[in-house]
Each structure stands twice: as structure tokens, then as C-alpha cells.
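Peer 1: Turn this into a structure:
(chains A and B)
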2 protein chains.
Amino acid sequence: MQYALFNGGKRLRPLLAILIADAIEVSREHALSIGAAIECIHAYSLVHDDLPAMDDDDLRRGQPTCHVKYDEAIAILVGDALQSLAFELLSCDEQIDASPSQKIVLINQLAKASGFSGMVGGQAIDLAATGEDSKVAHTIETLMLLHKLKTGAILKACVTMPLALSDKVTTTEKAQFECFADAIGLAFQVQDDILDCTGDTAQLGKPAGSDDEQHKHTFPALLGIEGAKQQLHTLYHDALQALAALPYNTEALEAFCELLINRDH
Amino acid sequence: MQYALFNGGKRLRPLLAILIADAIEVSREHALSIGAAIECIHAYSLVHDDLPAMDDDDLRRGQPTCHVKYDEAIAILVGDALQSLAFELLSCDEQIDASPSQKIVLINQLAKASGFSGMVGGQAIDLAATGEDSKVAHTIETLMLLHKLKTGAILKACVTMPLALSDKVTTTEKAQFECFADAIGLAFQVQDDILDCTGDTAQLGKPAGSDDEQHKHTFPALLGIEGAKQQLHTLYHDALQALAALPYNTEALEAFCELLINRDH
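Peer 2: Below is the predicted model:
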């Protein structure tokens, strides 16, 4: 579990939770607790994704993946226990001093974002859409749904979980924050797909070009590299526009968007 | 997920939660919500246990295991999503009308019972103790710890979760209920080990004799069949004694104990 959690990840999800919390004046302690739980879910999903039966990746962040370093059985258990740990963290008194009803909302949001109606559901669509004999039509609608669930749901939780701890953010403002979350969630994945085509293995810390090799349903495969880059910039501007409409200091969140679309790994 | 959940399981864990709830006058609705969440965790653990990298079993309850029926990737995702579902059920309003602080206790108990300090921890010890070149000493202490975590933690949660919803059960009585839970948790596993040696595949719905084949650390391997049976009866009497000391109607729980030690599958 330690190997999977502390292997030099970029911590983009906890960072996003912290920047949202800062903007709406939710405490750093709360944001860190949320970020820790989300990172457990993210780390577990990477360990299971890398398994031979799934993406069969040997490298993650430049290091051997969990099942290569240990073995497949251990990697399955590591992922399973990291998921339990996320819910243990959000439900224990030592970790987070929010009210019981606030904690229940956080747990419910994370459970939904993680499970069949979120991340795992997206993974299942991704599997069904991968390979030369894929039974899923490679349309932009399927691709949007796939990523909305697979990566978008957890990234959105990074935004909605801190919001659940604020009592001053209005319903309209929450909807605006959710627009922001949807745009950057998708932008993140478009950039991921572009990097898989244009990046190199050393920079990415994982094998470049593997999407194409596995006949994955991606933005560059559907729209071409230039089309995907244009899509990325549209989403970037949607995200900035959503932020601009909010009566909070969102400078750091704007910088986060820039970081996201300019990242090279 | 449906295939894994509704494949004719005995529902022993939800039954135990209901019988405890009945004894201490916690509502059936609450007991069923707890039972449903626990059954999701149990079903996920079976799907992952059966994977080729773990126990590599083809049969479960007389049916093809999830990865045989579908494939390994789907089986990994099914298990992952069933775990999320357990926490979604305990945190959503539609499913359980306990107070937020009661729900938090339930979630925390289930997360701990499921994760590294419970079921998954036990699985990891089991893996380390299995095989001809096992690095774990095959002592009674290791075996007890293995089972206390692997099967005992979730069975204990079937007892302690309904208890968490009662405000009339005293601390001393709770401790007594926990003694009962520890005894039947272990008795359940001893009977499981005995059945693997003496049962037949058709009755069990899974391959008999597989423990021995895989050089598993079991009670019959350590104590012989007769020694294991004696251990089972000692635990049975411990469980009955713990119940007898309680000021509740525990007749149905006594019958549950008898069912547990006399079961043939």
C-alpha cells in the first residue's frame, strides 16, 4: 500500500481539493483529509488498472508497477485495501473533524464517484471499447461518457467534496463550480490521450503509444492530434469562463488549469 | 455485480445481523441495510479470491466463478464496484434511516473490518502462509490470527454493527456479544476447513480438497481432522456460553450456532 501511495505521484487531485477549499474558505485540514481519501481511491485504481488482465503495464511513474514489484495477488489486495482505507479515513474521528452529517455526504459522494456509476463504470466502458473487435461504437458521445465516468467522476469529487463542507456557497455557485469541474475533468483526459501519442516513455513514466497499440477509444484516434488539441483549448476556456463567473478569488485555480493543459507527463 | 450477488449464497452474514438485531430490538429495516452492505463486501471478496492470481477457482456455489463466466478484467471491476456499493448503501438516505453519527460508526466498522486491519489483512497472511515454500511458520497462533482477520472480522461486524444502533445494550453486554462473535467467527472457519477435507465438490459447490492441494495453513492440517472437530466443539460451547450470559432472548442465535457447525456446505 505504501509503495502504491508514495511513488512520486503528482497529487493533482488533492491539490485541486485544496485550491477549491482555499477559494471558498474551507479549512486546509478538511481539504487534506478529503485529498488523502481521494488519493487512496486514485492509487488503488492505478494498481488495478496496471494488472495483466487490465492494461498490463509494467511501468508507472518510472517505477515497476505494483504487480511487477510484488505479484498479482498482492496487487489485487493492495487495491482492495486502499479502497477500504479511503472510507476508513473519511469516517474516523482522528482524521477529519467535520460533523457526522457532513462526513456522510463526503462518503456518499466518494462512493458514488468510485463505483459502478462513476470510475469503475467508466473503466468497464473503456474495456468494452478497447481492442480491434470492440463491440462499442467509437463515437464522440461514448468517448465523452467514458471519460466523464472514468476520470471525470473522481476529479469532480475533488471539487464537490470541499463544497459540501461550506454553508456559504449558493446553489447557483455550486452549479458553476460543477461546470468548471466537468470541463477540467474532460480536459485532463484529452491531454492524457494527446500525451500518450506525443510524449516519450521517460517523460511519462509509463509506455508512450500504448493507447494506439491497444486500439483504445481516444480523442486523437477520433479527432486527430490537431482536433484533440483544439478540443483541449475549448475545454480550457470553458473552465476559465466558469471560474470567472464566481465571486471568489480563483487565481490559483486558473493557474491549476494552465498547469493541467501544459503538463508533459 | 448481479451475477456475483445473486448466485444462491447462504446469506449467513445478513442472517446473523438480523438475529442480533432481533435479540436487542433493533429494527429489521436497519438489520437488512447492514446485511446488504456486508453481503456486498462478502460477494466482492469471493470474486477477487477466485481470480487466477489468488485461489484460481472455477466453481463457486456450483456455478462458474465470475472470471470464468465473464473475464478477469470484468471480475476485478465487479469486486471493486461491489466494495464501493457497500459504502454507498450505508451512506445514502434511501437505504438506511439511522442518524448520521450512527451511520458514521457503521461505515467506520465496516471499512476497518474490510481493509488491511481486517479481511484483506487476513487474505495477505493467508497468501503468505500458502504453498510449499511458505515463509510463515504454520503455528496455531498464526492460524488463529489469519482467520480472526480473514473471516472473523466481517462476521464480527455482523454482530457489532447492529449493536452500534442500540442505546440500551451496556458495555459489558457488548463485550459478551463480541466474545460470542469471536467464537462463532473462528468456528465458522474451522468448519470450512473440515468441509474442504471431508465434503464433496457437488455438496460444497466448489472443489473439495483444494486447501490440501495448495498447501494451505488450515486447522485439519495442523491438528488433524479429529483435533479440528474437537476445536469446533469447544468454540461452539464458548459461543453458547457467551449467549447464556446475556439478558436477551438468544434462542434463535443458539439455533444459528447449531446451523453453523452442522452445515455440510
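Peer 1: got the contact list for whichever strand or helix holds residue A:253?
Peer 2: Assigned by DSSP states H and E, residue A:253 belongs to helix A:251-262. For helix A:251-262, contacts defined as Cβ atoms under 8 Å, 6 or more residues apart in numbering or on different chains pick out A:12, A:15-16, A:19-20, A:22-23, A:180, A:184, A:187-188, A:191, A:232-233, A:236, A:239-240, A:243. (Each C-beta comes from the backbone N, C-alpha and C, glycine too.)
Peer 1: Give me the phi and psi angles of residue A:60.
Peer 2: Backbone torsions of residue A:60, given as degrees, to the nearest 10, read phi -140, psi 120.
Peer 1: where do the strands sit along chain A?
Peer 2: A:59-60, A:63-64 (DSSP state E).
Peer 1: If you average pLDDT over each of these, which is lowest?
Peer 2: The stretch with the lowest mean pLDDT among the strands of chain A is strand A:59-60, at a mean of 90.
Peer 1: Low-confidence stretches in chain A?
Peer 2: A:201-208 (pLDDT under 70).
Peer 1: Have a look at it and report its longest helix.
Peer 2: The residue-count maximum for a helix in chain A (DSSP state H) belongs to helix A:171-198.
Peer 1: Quick check: buried residues in that helix?
Peer 2: A:173-174, A:176-177, A:179-197 (16 or more other Cβ atoms under 10 Å in any protein chain shown).
Peer 1: quick revisit: could the strands of chain A be laid out in a markdown table, adding distance to chain B and mean neighbour count?
Peer 2: Converted to a markdown table, these look like this (distance: least, Cβ to the nearest Cβ, whole Å; neighbours: other Cβ atoms under 10 Å in any protein chain shown):
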| stretch | distance to chain B | mean neighbour count |
| --- | --- | --- |
| strand A:59-60 | 17 | 20 |
| strand A:63-64 | 16 | 14 |
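Peer 1: Can you lay out the ones you listed as CSV showing distance to residue B:227?
Peer 2: CSV is the format used below for the strands of chain A (distance: least, Cβ to Cβ, whole Å):
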stretch, distance to residue B:227
strand A:59-60, 46
strand A:63-64, 43
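Peer 1: Narrow the contacts of helix A:251-262 to those in helices?
Peer 2: Reading helices off those with DSSP H, I get A:12, A:15-16, A:19-20, A:22-23, A:180, A:184, A:187-188, A:191, A:232-233, A:236, A:239-240, A:243.
Peer 1: could you pull out the helices for chain A?
Peer 2: According to DSSP H, the helices that chain A contains are A:2-5, A:12-23, A:28-49, A:66-69, A:72-91, A:100-114, A:119-129, A:140-147, A:153-164, A:171-198, A:201-204, A:210-213, A:219-244, A:251-262.
Peer 1: And those helices: which comes nearest residue B:58?
Peer 2: helix A:72-91 (17.1 Å; Cβ to Cβ).
Peer 1: So is the closest one next to chain B?
Peer 2: Yes. Judged by Cβ under 8 Å from any Cβ of the partner chain, helix A:72-91 and chain B are in contact via A:72-74, A:76-77, A:79-81, A:83-85, A:87-88, A:90-91.
Peer 1: residues contacting the residue sitting furthest away from the middle of chain A?
Peer 2: In chain A, the residue that sits farthest from the middle, by Cα atoms, centre = their mean, is residue A:133; the gap is 27.5 Å. Not one residue lies near residue A:133 by Cβ under 8 Å, 6+ apart.
Peer 1: I'd like the distance between it and chain B.
Peer 2: 13 Å (Cβ to the nearest Cβ, to the nearest Å).
Peer 1: got it, and residue A:170?
Peer 2: 22 Å.
Peer 1: how many neighbours does the residue in the stretch 101-250 of chain A positioned nearest to chain B have?
Peer 2: At 3.0 Å from chain B, residue A:115 is the closest residue in the stretch 101-250 of chain A, using Cβ to the nearest Cβ. Neighbourhood size, residue A:115 [other Cβ atoms under 10 Å in any protein chain shown]: 23.
Peer 1: Contact partners for it?
Peer 2: Residue A:115 touches A:121, B:80, B:81, B:84, B:85, B:88, counting by Cβ under 8 Å, 6+ apart.
Peer 1: again, 6 Å this time
Peer 2: Residues near residue A:115 by Cβ atoms under 6 Å, 6 or more residues apart in numbering or on different chains: B:81, B:84, B:85, B:88.
Peer 1: Likewise for residue A:5?
Peer 2: Here residue A:5 is in contact with residue A:43 (Cβ under 6 Å, 6+ apart).
Peer 1: now residue A:236, nearest residue through space, not along the chain?
Peer 2: With sequence-adjacent residues excluded and distances taken as Cβ to Cβ, 6 or more residues apart in numbering or on different chains, residue A:236 is closest to residue A:261, at 5.1 Å.
Peer 1: Distance of the one you found relative to residue A:47?
Peer 2: 27 Å (Cβ to Cβ, to the nearest Å).
Peer 1: quick one on the thing from earlier: write a PyMOL command that selects only the buried members of the ones in helices among the contacts of helix A:251-262.
Peer 2: Buried residues within those, by 16+ other Cβ under 10 Å, are selected in PyMOL with:
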select buried, chain A and resi 12+15+16+19+20+22+23+180+184+187+188+191+232+236+239+240+243
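Peer 1: Contact residues of the stretch 101-250 of chain A facing chain B?
Peer 2: Contact residues, the stretch 101-250 of chain A versus chain B (Cβ under 6 Å from any Cβ of the partner chain): A:101, A:103-104, A:107-108, A:111-112, A:114-116, A:120, A:123-124, A:127.
Peer 1: Compare those and tell me which has the most neighbours.
Peer 2: residue A:114 (31 neighbours).
Peer 1: For it, which residues are in contact?
Peer 2: So residue A:114 contacts A:41, B:84 (Cβ under 6 Å, 6+ apart).
Peer 1: how about the nearest residue to residue A:198, chain neighbours excluded?
Peer 2: residue A:225 (7.0 Å).
Peer 1: quick one on the thing from earlier: what helices or strands is the longest helix of chain A leaning on?
Peer 2: helix A:153-164, helix A:219-244, helix A:251-262 (3 or more Cβ pairs under 6 Å, 6 or more residues apart in numbering or on different chains; DSSP states H and E).
Peer 1: Next, format these as a markdown table and append distance to residue B:33.
Peer 2: Formatted as a markdown table, the helices and strands packed on helix A:171-198 follow (distance: least, Cβ to Cβ, whole Å):
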| stretch | distance to residue B:33 |
| --- | --- |
| helix A:153-164 | 22 |
| helix A:219-244 | 38 |
| helix A:251-262 | 38 |
